[in-house]
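Chemist: sequence and predicted structure below; questions after.
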Amino acid sequence: DSGVTQTPKHLITATGQRVTLRCSPRSGDLSVYWYQQSLDQGLQFLIQYYNGEERAKGNILERFSAQQFPDLHSELNLSSLELGDSALYFCASSVGLDFRETQYFGPGTRLLVL
Amino acid sequence: AQSVTQLDSHVSVSEGTPVLLRCNYSSSYSPSLFWYVQHPNKGLQLLLKYTSAATLVKGINGFEAEFKKSETSFHLTKPSAHMSDAAEYFCGSQGNLIFGKGTKLSVKP
């Protein structure tokens, strides 16, 4: 168990809808990262937050957004969902903001868009 | 830009035989590389990472990787495979959080 929790485990929704994925980092970790894992694109870094502020962006679509709250949990919002957004979404956390620090991954949220 | 290529999408070995998972990188500067493992229905777990302190990096569960600049490689090895090693393995770049496509390791009894 990495200490990172993600809810929900599974999510089924329809095209055009909006969903919110939630992540709680390990105790003491200030950075949260979001990743998307799909068969087509593999594992892709989406975005990083550190202590409430956005720090780095990867291949995140404009339809997607994230935030990190004062208690350090983070939410990833996916809107105007398309079939191609079906994927496993991971969050990870680390102590600081350096990419080279060890990241601890949650179990993921599996999103299915019908 | 730094990128990584995992040369095999699937590797199958027998239990007790050596494991070799290949990863090549391209970088115009000294890279920072890692290997993660993903067991079925689980998140990723760090196996090891290259920090330039030593070219041979030892990780968890008996895995190690050797950084070879002349070959631009960072292959993952283990002397003797165990059934519990069956998983997907990802090589990647720490500098820009780029992951390879993954290598699925199967271990036959």
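Modeler: Great, that's in hand.
Chemist: not counting sequence-adjacent ones, nearest residue to residue 56?
Modeler: If you meant another chain, say so; for now it's chain A. A:Gln48 (4.3 Å; CB to CB, 6 or more residues apart in numbering or on different chains). Yep, even glycine has a C-beta here, placed from its N, CA and C like the rest.
Chemist: think we crossed wires, I meant chain B
Modeler: Here the residue nearest B:Leu56, using CB to CB, 6+ apart, is B:Glu66, at 5.1 Å.
Chemist: cool, and B:His75?
Modeler: Using CB to CB, 6+ apart, the closest residue to B:His75 is B:Arg22 (5.0 Å).
Chemist: output the host helix or strand of B:His75 as CSV, restricted to C-alpha atoms.
Modeler: Taking DSSP states H and E as the criterion, B:His75 maps to strand B:73-78. C-alpha atoms of strand B:73-78 as CSV (Å, rounded to 0.1, in the frame of the first residue of the first chain):
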residue,chain,number,x,y,z
SER,B,73,20.8,2.1,-22.7
PHE,B,74,19.4,1.4,-19.3
HIS,B,75,18.4,-2.2,-19.3
LEU,B,76,16.7,-3.9,-16.4
THR,B,77,18.0,-7.3,-15.2
LYS,B,78,17.4,-9.9,-12.6
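Chemist: before we move on, which element is B:Val4 in?
Modeler: Secondary structure (DSSP H and E) places B:Val4 in strand B:3-6.
Chemist: mind listing what's buried along that strand?
Modeler: Buried residues in strand B:3-6, counting neighbours by 16 or more other CB atoms under 10 Å in any protein chain shown, are found at B:Val4, B:Gln6.
Chemist: so is that strand next to chain A?
Modeler: No: with CB under 8 Å from any CB of the partner chain as the criterion, chain A is not reached by strand B:3-6; the gap is at least 9.6 Å.
Chemist: quick one on the thing from earlier: wasn't the residue nearest to A:Ala56 part of a strand?
Modeler: Yes: assessed with DSSP: H, G, I helix; E, B strand; the rest coil, A:Gln48 lies in a strand.
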